[in-house]
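# From the sequence below, what's the structure:
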Amino acid sequence: MAFDIEMIRKVYDNMVTRVDKAREIVGRPLTLTEKILYNHLWEGVAKEAYKRGVDYVDFAPDRVACQDATAQMALLQFMHAGKKTVAVPTTVHCDHLIQAKVGASTDLAVANTQSKEVFDFLSSVSDKYGIGFWKPGSGIIHQIVLENYAFPGGMMIGTDSHTVNAGGLGMLAIGVGGADAVDVMSGMSWELKFPKLIGVKLTGKLSGWTAPKDVILKVADILTVKGGTGAIVEYFGEGAINMSCTGKGTICNMGAEIGATTSTFGYDDSMRRYLAATGRQDVVDAADKVASYLTGDAEVYANPEQYFDQVIEINLSELEPHINGPFTPDRGTPVSKMKAEAEANGWPIKVEWGLIGSCTNSSYEDMARAVSIVNQAVEHGITPKAEFGINPGSEQIRYTIERDGMIAAFEKLGTKVFTNACGPCIGQWDREGANKEEKNTIVHSFNRNFSKRADGNPNTHAFVTSPEMVAALAISGRLDFNPITDSLINDNGEEVKLSAPYGDELPKRGFAVEDAGFQAPAADGSGIVVAVSETSDRLQLLAPFQAWDGKNISGAKLLIKAFGKCTTDHISMAGPWLRFRGHLDNISNNMLIGAVNAFNQKTNSVKNQLNGAYDAVPAVARAYKAAGVPSIVVGDHNYGEGSSREHAAMEPRFLGVKAVLVKSFARIHETNLKKQGLLGLTFANEADYDKIQEDDTINFIDLVDFAPGKPLTLEFVHADGSKDIILANHTYNEGQIGWFIAGSALNLIAAGKA
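Below you'll find the predicted structure:
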């Protein structure tokens, strides 16, 4: 079943009542974001929950979605929770464990062999607990959610940071860690700090080479990778209404790169068209009855400065195509300025690869606009200078674009068609020659471009742009090629200028597919046995973390003082490590191996204070754990930026880390640390970061008095006997302190006390 129309109708029935009530309580017009939040408040929350800036608030999401890499740990935790079935509609999507190398058919067959144990586990667990299962090759989780489950005005959570993609259909869709998903799957409320609101007013209309991707590339350049932290971004205006539904999805998807909790758009005709085209006319009929509740009030959009905490305005008619990067998705460069920027910064001009797809840009429209550029190259006899690869977003997309001749067109240009999966976007790319670590440039339509993310090569300069710009840059083979002004030379030596891209928003003949790849769960899964071998190196049943002993932590050693950007890729790498996502002990061998040690500027090299030798971070952590010595991690700003992967929190917890003290956290990672029973702390004075020394021993002075709003005092004892007393702030409320006391949030669920 693609969607539960009765559930959706119930959401809409409640919306009318609850939004009207909220408007009375708040006493003013409401944004779309507020309407959805207020409609999904957990039953019985106090009126205080209607105020912005309050502490954590309990919500009741409509559904949960998990991708295969994170689903393993989430479902292992759910098994530990002792529930018979999931309490809300839940799906698992196999899209991360398929490596791109040769091409779709070969790569999928290899994945089905190499990861058979994991796929079988996920299939059987899904069958047992009433979870819908999308098989390997069915597509990328967020594209499938958009095609099948997303609906205007809904709220969902997903164990992937790009769950936010569903905002393109007017949802509040939020990335979380597996422990949060377990809460909701277990029938409990889900906790979120009430967000700030950022309004983005879009005027004008996209045209020519400018695409929806350029909107979020521009927003990322304005707000940076942490400018949206703690906020929900709401897009509105004539420019928003004039944009396709999947274009909106692209913008919301990459909102994860500015740290935003999520992003969304109001219900409009583009959503009606998309819902109808994907077989959900029933949703359109239901949504049309409450259409005014599925967008912000008119007064809000007329005077946005009065209702949003921050307002950004972008004129789409003047917006130029952007190319963001390298190494960070918020470094924006308009295409007209790339030549000067590349020269000034020494970026490699030659483009080696162009990659189109990922959950961000793999829709029918994306492929159609990109293939319009490819067709021009073929027609004019232009041989592409770079290699080319595409990842269709779903089997439905792949089947439809094959029927409509697009795959054949791509293949005429020598394009590799990879599996309907994440592939290179998440490091699942066996790129020939990457191990040589040569300096090079690639361009892609993905969402992230951190160092080593795509191919493991720290010297690969990855740039993010739209699918059509990827096509143009790959064909030209030059990063500084501007298709708006520049020409190409074809194989006959003739000068050719590319025309602006074009493509149908939706297939004229409708979507088609023979086997979408969905497996419905058993009607009664009580008799299904989920077996996990004790000798498996891929899967491991979880043992509960120990509860706090009620004492101050003392004698802790500094494990690492991370320097600069430390994303979840640095804390728990993906790529080849994805195969261990269901085995906590094995995956812990990648803990913080990508983080830069502030004392020697090296990765995966920290001092073991027990013997004075330098060793890998996990090895030193295991040595401390074996000796019964607690440890702490120190970090910089926006620590934990990037993916929702809770392994970045579970691994430190498993290896004996007691606290993570940083200048600031990314939202999801801070929550993940709390859920796993770790102390996520921030410097009360950021300058204290500089006081931390390599041989420090740390004592907590007043942890026994741990309370909401009360800073903790830490004593850092240096090798020469001198000391620094440092105050650390935290955002724990009473319930979250309960998680710490119990050892983890899951321990409370398993004990029936949550």
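# can you pull the contacts of the most centrally placed residue in the chain?
For the chain, the residue nearest the mean C-alpha position is residue 161 (2.1 Å; C-alpha atoms, centre = their mean). With contact set as C-beta atoms under 8 Å, 6 or more residues apart in numbering, residue 161 has these partners: 175, 256, 642, 643, 644, 668. For every residue, glycine as well, the C-beta is placed using N, CA and C.
# Tell me if I'm right that the fifth one and residue 174 touch.
The reference is to residue 644. No: the pair residue 644 / residue 174 is not scored as a contact, 9.4 Å apart, by C-beta atoms under 8 Å.
# got any residues that touch both of these two?
With C-beta under 8 Å, 6+ apart as the test, residue 644 and residue 174 both reach 158, 163.
# Need the phi and psi values for the residue nearest to the centre of the chain.
phi -60, psi -20 (degrees, to the nearest 10).
# How much space separates it from residue 175?
4 Å (C-beta to C-beta, to the nearest Å).
# which one is residue 693 nearest to, not counting chain neighbours?
Closest residue to residue 693 apart from its sequence neighbours, by C-beta to C-beta, 6 or more residues apart in numbering: residue 718 at 5.0 Å.
# Before we move on, what's the pLDDT of the one you found?
According to the prediction, residue 718 has pLDDT 98.
# With residue 2 instead?
At residue 2, pLDDT is 51.
# Could you pull up the mean pLDDT of stretch 643-660?
For stretch 643-660, the mean per-residue pLDDT is 94.
# now stretch 72-87
On average, stretch 72-87 scores 90.
# Contacts made by that stretch with the rest, please.
Contacts of stretch 72-87 (C-beta under 8 Å, 6+ apart): 64, 66, 92, 118, 121-122, 125-126, 129-131, 159, 178-179, 181-182, 184-187, 525-526, 530, 539-542, 544, 581-582, 584, 646-647, 650, 746, 749-750.
# Show me which of the residues you listed are buried.
Neighbour counting with 16 or more other C-beta atoms under 10 Å marks 64, 66, 92, 118, 121-122, 125-126, 129-131, 159, 178-179, 181-182, 184-186, 525, 530, 539-540, 542, 581-582, 584, 646-647, 650, 746, 749-750 as buried within these.
# before we move on, back to that, so of the contacts of residue 161, which ones are in strands?
When DSSP state E is applied, the contacts of residue 161 are split such that residue 175 fall in strands.
# so who does the residue nearest to residue 693 touch?
Counting by C-beta under 8 Å, 6+ apart, residue 718 touches 693, 695, 696, 724.
# Now do the same contact list for residue 716.
691, 692, 693, 696, 697, 698, 723, 724, 725, 726.
# whoops, I mixed them up, residue 552
Contacts of residue 552 by C-beta under 8 Å, 6+ apart are 699, 700, 701, 702, 703, 704.
# could you redo the last one with a cut-off of 6 Å?
By C-beta atoms under 6 Å, 6 or more residues apart in numbering, the contact list for residue 552 reads 700, 703, 704.
# most neighbours, which of those residues?
Ranked by the number of neighbours (other C-beta atoms under 10 Å), those place residue 700 first, at 23 neighbours.
# returning to that earlier point: which of the contacts of residue 161 has the largest number of neighbours?
Neighbour max across the contacts of residue 161 (other C-beta under 10 Å) = residue 256, 32 neighbours.
# so who does that residue touch?
161, 162, 164.
# In this protein, what helix or strand scores lowest on average pLDDT?
helix 745-750 (a mean of 86; mean pLDDT, DSSP states H and E).
# Which strands and helices lie in contact with that one?
Applying 3 or more C-beta pairs under 6 Å, 6 or more residues apart in numbering; DSSP states H and E, one finds that helix 745-750 contacts helix 68-81.
# change it to 8 Å
Judged by 3 or more C-beta pairs under 8 Å, 6 or more residues apart in numbering; DSSP states H and E, helix 745-750 is in contact with helix 68-81, helix 178-185, helix 667-675, helix 734-742.
# so can I have CSV of the ones you listed showing distance to residue 494?
CSV is the format used below for those (distance: least, C-beta to C-beta, whole Å):
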stretch, distance to residue 494
helix 68-81, 48
helix 178-185, 56
helix 667-675, 52
helix 734-742, 66
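# right, and these - which one's nearest residue 47?
Closest approach to residue 47 among these (C-beta to C-beta): helix 734-742, 19.0 Å.
# chain center to the closest one, what's the gap?
26 Å (C-alpha atoms, centre = their mean, to the nearest Å).
# cool, and stretch 657-669?
Distance, centroid of stretch 657-669 to centroid of chain: 18 Å (C-alpha atoms, centre = their mean).
# Do me a favour and get the end-to-end distance for that stretch?
15 Å (C-alpha to C-alpha, to the nearest Å).
# ok, now stretch 226-233?
13 Å.
# Next, the buried residues of that stretch.
226, 227, 228, 229, 231, 232, 233.
# How confident was the prediction at the third one?
Note on residue 228: pLDDT of 92.
# Would you mind identifying the next helix or strand past the lengthiest helix in the chain?
Determined from DSSP state H, the single longest helix within the chain is helix 5-26. Moving toward the C-terminus from helix 5-26, the next helix or strand (DSSP states H and E) is helix 32-39.
# distance between that following helix and the chain's centre?
22 Å.
# CA-only coordinates of it in PDB, if you can.
Output of helix 32-39 as PDB, limited to C-alpha atoms (Å, rounded to 0.1, in the frame of the first residue of the first chain):
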ATOM      1  CA  LEU A  32       2.700  26.800   7.600                       C
ATOM      2  CA  THR A  33       5.400  25.500   9.800                       C
ATOM      3  CA  GLU A  34       3.500  26.400  13.000                       C
ATOM      4  CA  LYS A  35       0.300  24.900  11.600                       C
ATOM      5  CA  ILE A  36       1.900  21.500  11.000                       C
ATOM      6  CA  LEU A  37       3.800  21.600  14.400                       C
ATOM      7  CA  TYR A  38       0.600  22.500  16.300                       C
ATOM      8  CA  ASN A  39      -1.400  19.800  14.500                       C
END
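# same for it, what does it pack against?
helix 5-26, strand 155-158, strand 172-175, strand 231-236, strand 262-265.
# Identify, out of these, the most deeply packed stretch.
Of these, the one with the most neighbours on average (mean count of other C-beta atoms under 10 Å) is strand 262-265, at a mean of 30.
# Quickly run through the sheet partners of it, with directions.
strand 231-236 (parallel) (DSSP bridges).
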